[in-house]
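>>> just a sequence and a predicted model for now, questions to come.
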Amino acid sequence: MKTNTTHSNQKMSVSVIIITLNEFESIGQVLKELPRNLDEILVVDGYSSDGTPELVKSLGYEVIMQQGKGYGAAFLTGIKKAKGDVLVLMDGDGSHNPADIPRLLEKVSEGYDAVFGSRYLPGSGSEDDTIIRYFGNKVFTYFTNLVHHVGISDSLYLFAAIRREVFERIKLSGLGFEFCVEVPIKVHLAGFKIAEVPCFERKRFYGKSRVNAFFHGLRILWMIIKIKFSKK
């Protein structure tokens, strides 16, 4: 796929956007594990009731309260605020390993516009995959590739490094977990250069997943279909 952008050899500034919702037991460790050479770290909180924002502030990091409600809404809030040339999107529950960030950024530095983590490439894996989650992801990834020809191996694992200009040229609207498939589909349809790198999904440090397989699955499927019929 041909990229729509030209890049200089100038050093990229990197903003990491971490979304949280009642992650008091995990966010401190996630922040501690982040690489030291990042230019900006933004924690976008979904109005946690367990003291997550206060903890993050006490550790010296910036907290932004998200606009709207939902997984996608949190990332959209951070994307609007971040200043870096490259934006890293990740969860604050510990499932995304910060040690994988340099691998994502290395691919961006090679000239890719968007680099997505994958649990299903050689050298990757997951401690948190259930049979239902594995099957669901395979089905949605299949439909994502069948309908839009994106060519990715893991459409529901939004741990990614994406150049700022990509977000300036695509319009994102998904406020919930359907945001996960919307991003790679629209990046691909806009003609940007995409890569994947193997990542290892850890078990979340605390609490349970908020994904409802049936409800969120319908929203994800609708997003795949909606984009297809909204294309000009």
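Okay, I see it.

>>> from here on, contacts and neighbour counts on C-alpha atoms
Noted.

>>> ok, the spatially most central residue of the chain - contacts?
Geometric centre of the chain, nearest residue: Leu158, 3.2 Å, by CA atoms, centre = their mean. If you count contacts by CA atoms under 8 Å, 6 or more residues apart in numbering, Leu158 has them with Leu89, Met90, Phe116, Gly117, Cys180.

>>> if you look at these, which of them are in strands?
Leu89, Met90, Phe116, Gly117 (DSSP state E).

>>> returning to that earlier point: who wins for most neighbours among the contacts of Leu158?
Gly117 (29 neighbours; other CA atoms under 10 Å).

>>> element containing Leu175?
Leu175 is part of no helix or strand when elements are defined by DSSP states H and E.

>>> give me the number of residues near it?
Leu175: 17 neighbours (other CA under 10 Å).

>>> which one is Glu178 nearest to, not counting chain neighbours?
In space, and not counting its chain neighbours, Glu178 is closest to Ile220: 4.3 Å by CA to CA, 6 or more residues apart in numbering.

>>> where do the helices sit along the protein?
27-33, 52-58, 71-81, 101-109, 131-148, 164-169, 179-189, 213-230 (DSSP state H).

>>> and Phe205, what's its pLDDT?
Phe205 carries a pLDDT value of 87.

>>> my read: Lys228 touches His148, true?
Yes - using CA atoms under 8 Å, Lys228 is in contact with His148, at 7.3 Å.

>>> neighbour-wise, which of the two wins?
For Lys228 and His148, the more surrounded residue by other CA under 10 Å is His148, and the numbers stand at 18 against 13.

>>> and the residue lying closest to that one once chain neighbours are set aside, how many neighbours does it have?
Setting aside the residues directly before and after it, His148 is nearest to Ile185 in space (CA to CA, 6+ apart), at 6.7 Å. Neighbour count for Ile185, taken as other CA under 10 Å: 24.

>>> please apply the same query to Phe24.
Using other CA under 10 Å, Phe24 has 21 neighbouring residues.

>>> do the same with Phe135
Around Phe135 there are 12 residues (other CA under 10 Å).

>>> how much space separates it from Arg169?
Note on Phe135: its distance to Arg169, by CA to CA, to the nearest Å, is 33 Å.

>>> likewise for Thr141?
24 Å.

>>> repeat that for Thr130.
The gap separating Thr130 from Arg169 is 36 Å, by CA to CA.

>>> what's the answer for Asp91, then?
24 Å.

>>> tell me which of those two has more neighbours.
Asp91 (24 against 11).

>>> show me the beta-bridge partners of the more buried one.
Ile19 (DSSP bridges).

>>> test my guess that it contacts Leu21.
No - counting by CA under 8 Å, Asp91 sits too far from Leu21 to count as a contact (9.6 Å).

>>> returning to that earlier point: OK, contacts around the residue nearest to His148?
Residues in contact with Ile185 (CA under 8 Å, 6+ apart) are Thr144, His148, Val150.

>>> who touches Trp105 in this structure?
Quick fix: residue 105 reads Leu, not Trp. Val115, Ala161 are the contacts of Leu105 under CA under 8 Å, 6+ apart.
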